[in-house]
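Build the 3D model from these lines:
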Amino acid sequence: ASATTAAAGIQAAKPSKYVREVMLRRDASGLGIKVLSGDSHEFAVIIEITPGSAADRDGVLAVGDSIIAIGGLSMHRVPHAVFANAMAGETVQLSIVPSADISSHVATLPVGPRC
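Model prediction:
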């Protein structure tokens, strides 16, 4: 982790067999996902995927999936501003737990410290 992320109290997410890695490249319309995030939520949850967007064309993400890390940095209970900043790159690496896996495996999800 860089000095900036270490100073912010963010640590790298730990791998889990339930986590999928997704690399999205931003296009003119963005990534094409809306999320519910913020420090009152365990992780950001995808609530909408824009038809025809980068996320839609990739076909891996689904409404209800949880984004647990961005670029290897845990997004556990981070403020929305931290989440939005992590999503700002042209190419974004998301670590997600598909919605189908969340309810049965929530206790095994990797978590980082609260920012």
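
Just want the most central residue of this protein.
By Cα atoms, centre = their mean, the chain has its centre lying nearest to residue 67, at 2.7 Å.

Specify the beta-bridge partners of it.
For residue 67, the beta-bridge partners are residue 44, residue 96 (DSSP bridges).

For it, list the residues it contacts.
Going by Cβ atoms under 8 Å, 6 or more residues apart in numbering, residue 67 touches 35, 37, 43, 44, 45, 46, 75, 83, 94, 95, 96. No exception for glycine: its C-beta is placed from N, CA and C like everyone else's.

Name the member of those residues with the most neighbours.
With neighbours taken as other Cβ atoms under 10 Å, the top of the contacts of residue 67 is residue 75, carrying 28 neighbours.

Over to the nearest residue to residue 58 once chain neighbours are set aside. Which of the three states is it?
Closest residue to residue 58 apart from its sequence neighbours, by Cβ to Cβ, 6 or more residues apart in numbering: residue 24 at 6.1 Å. Of the three states, residue 24 takes strand under DSSP: H, G, I helix; E, B strand; the rest coil.

How about residue 57?
helix.

Please tell me how far the residue nearest to residue 58 sits from residue 17.
As judged by Cβ to Cβ, to the nearest Å, residue 24 and residue 17 stand 22 Å apart.

Show me which of those two is the more surrounded one.
Shown here are residue 24 and residue 17; by other Cβ under 10 Å, residue 24 has more neighbours (23 against 7).

quick one: the helices in the chain?
For the chain, the helices defined by DSSP state H occupy 3-7, 54-58, 80-86, 99-105.

Quick one: list the elements packing against the third one.
When contacts are defined as 3 or more Cβ pairs under 8 Å, 6 or more residues apart in numbering; DSSP states H and E, helix 80-86 packs onto strand 66-70.

Identify the residue nearest residue 40 in space, chain neighbours excluded?
The spatially closest residue to residue 40, leaving aside those adjacent along the chain, is residue 77, at 7.9 Å (Cβ to Cβ, 6+ apart).
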